[in-house]
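1. Okay, here's the prediction I keep looking at, along with the sequence it came from:
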Amino acid sequence: MVREIPIYEAFTMDGETYETVLSPLNGPKQIQLVFPFQTKYWTRFKIIGLNGPLESVEAGPGARIPIGLSKIYSVDDFGPFITIEIFKKNPRTYIDTLKVKKRFVEGFSLHFLTQ
């Protein structure tokens with residue numbers, strides 16, 4: 001399933017509730033994604049850019065570096081949306097695809113918080 005997620009509003013994914021918040025970065029042409037460091041199950045957040053996959057960030061038991069925090073990207077690395085594919089419990093268990101409008105997060109770190 002592919003869905004657009006809101007900023008500053010709660011949403012549910014695979015039985016867990018998340019909220020997205022923003023914090024400023026140094027430059028207006030930068031974007032960073034910050035995922036939960038601890039999750040109940042191993043989780044992979046695969047960041048997809050304009051030309052394909054950019055990075056995979058893991059969280060939870062057995063996570064490998066990088067844990068939770070992505071690189072800082074140029075806004076030019078993305079099209080109109082930032083796309084994130086979510087895998088849980090193992091690398092082959094696809095859960096969801098999330099999309100965020102790039103214009104809402106330019107110059108910010110986008111934090112995914114669990115409730």
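-> Received the coordinates, thanks.

2. which residues does the nearest residue to W42 once chain neighbours are set aside contact?
-> By the measure of Cβ to Cβ, 6 or more residues apart in numbering, the closest residue to W42 outside its immediate chain neighbours is G60, 4.5 Å from it. All C-beta spots, glycine's among them, are computed from the backbone N, C-alpha and C. Shown in contact with G60 (Cβ atoms under 8 Å, 6 or more residues apart in numbering): Q38, T39, K40, Y41, W42, T43.

3. Please determine how far the residue nearest to the third one when sequence neighbours are not counted is located from Y18.
-> The reference is to K40. Leaving out its chain neighbours, the residue that sits closest to K40 by Cβ to Cβ, 6+ apart is G60, at 6.8 Å. Plainly put, G60 is 14 Å away from Y18 if you go by Cβ to Cβ, to the nearest Å.

4. Likewise for G68?
-> 13 Å.

5. what does T39 give?
-> The separation that T39 has from Y18, given Cβ to Cβ, amounts to 10 Å.

6. Quick check: neighbours shared by those two?
-> What both T39 and Y18 touch, as defined by Cβ under 8 Å, 6+ apart, is the set T114.

7. Please pull out the lowest mean pLDDT helix or strand from this protein.
-> Counting by mean pLDDT, DSSP states H and E, the chain has its least confident helix or strand at strand 10-13, which shows a mean of 91.

8. That strand pairs with which strands, parallel or anti?
-> The pairing partners recorded for strand 10-13 under DSSP bridges are strand 16-24 (antiparallel).

9. Look up the pLDDT of G15 for me, please.
-> pLDDT, the model's per-residue confidence, is 86 for G15.

10. Then P6?
-> The model reports P6 with a pLDDT of 88.

11. and what of V100?
-> At V100 the predicted local confidence, pLDDT, stands at 96.
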